[in-house]
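> below is the sequence, then the predicted model.
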Amino acid sequence: MSAPIMISSWPRAILHLDGDAFFASCEQAVHPEWRGRPVVTGKERGIVAAASYEAKARGVTRGVSLRDVPKLCPDAIIVPSDYETYSLFSKRMFAIMRRFTSVVEEYSIDEGFADITGLRRSLRDSYEGITRRMQSAIHAELGLTVSVGLSLSKTLAKVGSKWQKPAGFTAISGRHIHEYLEKLPVEKIWGIGPQTSAYCRQLNIRTALDFARRDEEFIMAKFTKPLQETWRELNGEAVFEIATEDKSDYATVSKTKTFTPPSTDPAFVRAQLLKNLENATIKARRHHLVATGLAIWLVGQDYRSVGAEATLNRPSAYPLEMGAVVENMFVQLFRQRTPYRATGVVLTGLQSAGATQLDLFEPPLRLEKLSKLYRAVDEIAAAYGKHCVYTAGAAAAHHPSPLCSSPSEAQRSRGAGPPLGSGQNYLCSERSEIPWRKLHRLPGETKRRHLSVPLLGSAV
């Protein structure tokens with residue numbers, strides 16, 4: 001057995017909590033009759049967005065075409081993704097974490113970090129006990145299982161949370177770090193990708209322990225700063241702090257949209273691209289940022305993508321100004337009779353909106369009018385919901401497909417729409433598939449204004 005990395009057991013106590021098949025688990029929590037059954041989300045996209053552990057055991061993985069799911073798992077329950085409900089479960093999960101400590105980082109919708117150092121006396125429990133209580137509370141109150149890692153740093157806590165899934169708990173104290181690192185391939189370390197792992201193998205570094213045991217001089221000479229910090233974290237030093245503040249500093253903002261079925265209609269694909277632009281600029285304005293450049297891409301049904309980028313005449317976060325640039329690039333990229341399945345926009349070179357300088361020949365009144373216009377648009381969105389006001393070019397992406405009295409046999413075989421005899425209208429296109437929660441509203445709710453609660457019930 002390898003010699004231990006000699007560190008006192010708990011100089012810091014940092015945990016990483018990771019939801020188990022989070023989206024599918026939320027569906028099972030809302031629909032208790034689906035527990036223990038294979039659940040797949042992504043019906044609106046035509047590919048698997050998430051799969052429950054029961055579905056994963058049958059070979060269903062993220063990114064698989066929904067056409068292939070019945071071959072792997074004939075009894076799979078396939079539903080559209082209900083991101084609003086998933087977000088609500090996420091907020092409640094983090095609220096439970098904050099009952100134990102205020103130092104919580106919402107790393108993503110289904111995972112987070114927390115620092116519980118020094119709380120043993122106030123919470124009258126060991127660090128392991130505190131972590132297990134947090135894990136149990138989430139399961140008892142939300143009906144979700146989470147896997148948790150507890151260790152001295154964020155990187156080691158991540159190692160622990162992945163060690164046993166689902167519903168796992170792994171505590172890696174200072175005296176036992178080496179026992180876990182020697183079994184962990186270097187490519188499994190958080191922050192090490194395929195290129196870095198290939199480089200590590202050239203240096204005869206194959207496990208996390210091989211990496212952690214190299215001396216500091218070697219690490220400083222061979223690796224960049226992020227990997228140097230990862231090396232320190234693997235050696236039990238908490239370098240990466242828990243980020244409790246909402247993220248507000250962005251180098252880029254990107255928005256994508258996958259649609260099913262694929263489309264060869266230039267008006268529809270262009271509209272999706274302009275809606276991507278609207279969504280990206282909404283986020284930029286929320287954080288008081290403007291972009292100096294932007295890029296777009298189109299993804300074909302064969303998953304091949306084409307893209308273009310441009311520099312703006314002056315920094316902006318207004319779709320009315322940037323739309324013409326996007327449309328010009330779209331004309332260059334779009335190919336007739338080519339089916340496209342996704343679009344995307346990324347705003348680049350972001351800077352503070354307060355630093356915007358006018359072009360020498362640009363009338364200042366035009367910028368002032370645009371600024372007032374989009375302040376009003378954002379105020380309307382805050383009061384009545386996102387996309388109450390949108391550009392005319394994006395209209396095809398905002399209007400739902402018309403309703404029809406009954407689905408085609410092909411649609412029914414794919415599970416499109418409610419079951420026969422349910423009394424619900426059927427949507428003519430798979431593109432219009434929406435979550436059950438949005439079809440079943442509480443009294444007084446509207447499309448834009450409704451209670452932030454999941455609705456328990458059955459969609460089958």
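Everything's here; your move. Numbers count the residues shown, from 1 in each chain.
> neighbouring contacts of the one helix or strand residue 96 maps to?
Using DSSP states H and E, residue 96 sits in helix 83-100. For helix 83-100, contacts defined as Cβ atoms under 8 Å, 6 or more residues apart in numbering pick out 17, 19, 22-23, 26, 29-30, 104, 106, 109-110, 112, 114, 116, 119, 123, 130, 133-134, 137-138, 141-142, 144, 146, 435, 437-438, 452-454. In this view, the C-beta of every residue, glycine as well, is placed from N, C-alpha and C.
> again, but for stretch 62-76
37-40, 42-43, 46-51, 55, 58-60, 78, 414.
> hmm, 6 Å instead?
38, 40, 46, 47, 48, 55, 58, 59, 60 (Cβ atoms under 6 Å, 6 or more residues apart in numbering).
> and the last one, what does it touch?
Residues in contact with residue 60 (Cβ under 6 Å, 6+ apart) are 51, 69, 72, 73.
> ok, which pair from the contacts of stretch 62-76 is furthest apart?
Distance extremes for those: the farthest pair is 46 and 58 at 19.3 Å, using Cβ to Cβ.
> more neighbours, the two?
Taking other Cβ atoms under 10 Å, residue 46 and residue 58 do not tie; residue 46 has more neighbours (20 against 14).
> isn't there a helix covering residue 307?
No: membership of residue 307 in a helix is not supported by DSSP: H, G, I helix; E, B strand; the rest coil, which gives strand.
> need the pLDDT of it.
On pLDDT, residue 307 comes in at 91.
> can you check residue 369 too?
For residue 369, pLDDT reads 83.
> what does residue 304 give?
84.
> okay, now it: neighbour count?
9.
> ok, now residue 292?
Neighbours around residue 292, by other Cβ under 10 Å: 16.
> restricted to helices, list the contacts of stretch 62-76.
residue 55 (DSSP state H).
> now the helices for the stretch 51-200 of the chain?
53-56, 69-72, 83-100, 120-123, 127-142, 154-163, 177-181, 194-202 (DSSP state H, counting those that start in this stretch).
> could you check the angle the longest one makes with helix 127-142?
Which is helix 83-100. Per axes from the mean of the first three to the mean of the last three Cα atoms, to 10 degrees, the angle that helix 83-100 makes with helix 127-142 is 140 degrees.
> pull out the buried residues from the helix holding residue 96.
Buried positions in helix 83-100, judged by neighbour count with 16 or more other Cβ atoms under 10 Å: 85, 86, 88, 89, 90, 93, 94, 96, 97, 100.
> and it, how far out from the chain middle?
14 Å (Cα atoms, centre = their mean, to the nearest Å).
> output that helix as PDB, nothing but the C-alphas.
The C-alpha coordinates for helix 83-100 follow below in PDB (Å, rounded to 0.1, in the frame of the first residue of the first chain):
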ATOM      1  CA  TYR A  83     -36.900  23.000 -16.500                       C
ATOM      2  CA  GLU A  84     -39.100  25.200 -14.500                       C
ATOM      3  CA  THR A  85     -39.800  22.400 -12.100                       C
ATOM      4  CA  TYR A  86     -36.200  21.200 -12.000                       C
ATOM      5  CA  SER A  87     -35.200  24.800 -11.100                       C
ATOM      6  CA  LEU A  88     -37.700  24.800  -8.200                       C
ATOM      7  CA  PHE A  89     -36.300  21.500  -6.900                       C
ATOM      8  CA  SER A  90     -32.800  23.000  -7.200                       C
ATOM      9  CA  LYS A  91     -33.700  26.100  -5.200                       C
ATOM     10  CA  ARG A  92     -35.200  23.900  -2.400                       C
ATOM     11  CA  MET A  93     -32.100  21.700  -2.400                       C
ATOM     12  CA  PHE A  94     -29.900  24.700  -1.800                       C
ATOM     13  CA  ALA A  95     -32.200  26.100   0.800                       C
ATOM     14  CA  ILE A  96     -31.800  22.800   2.800                       C
ATOM     15  CA  MET A  97     -28.000  23.100   2.500                       C
ATOM     16  CA  ARG A  98     -28.200  26.600   3.900                       C
ATOM     17  CA  ARG A  99     -29.900  25.400   7.000                       C
ATOM     18  CA  PHE A 100     -26.600  23.900   8.000                       C
END
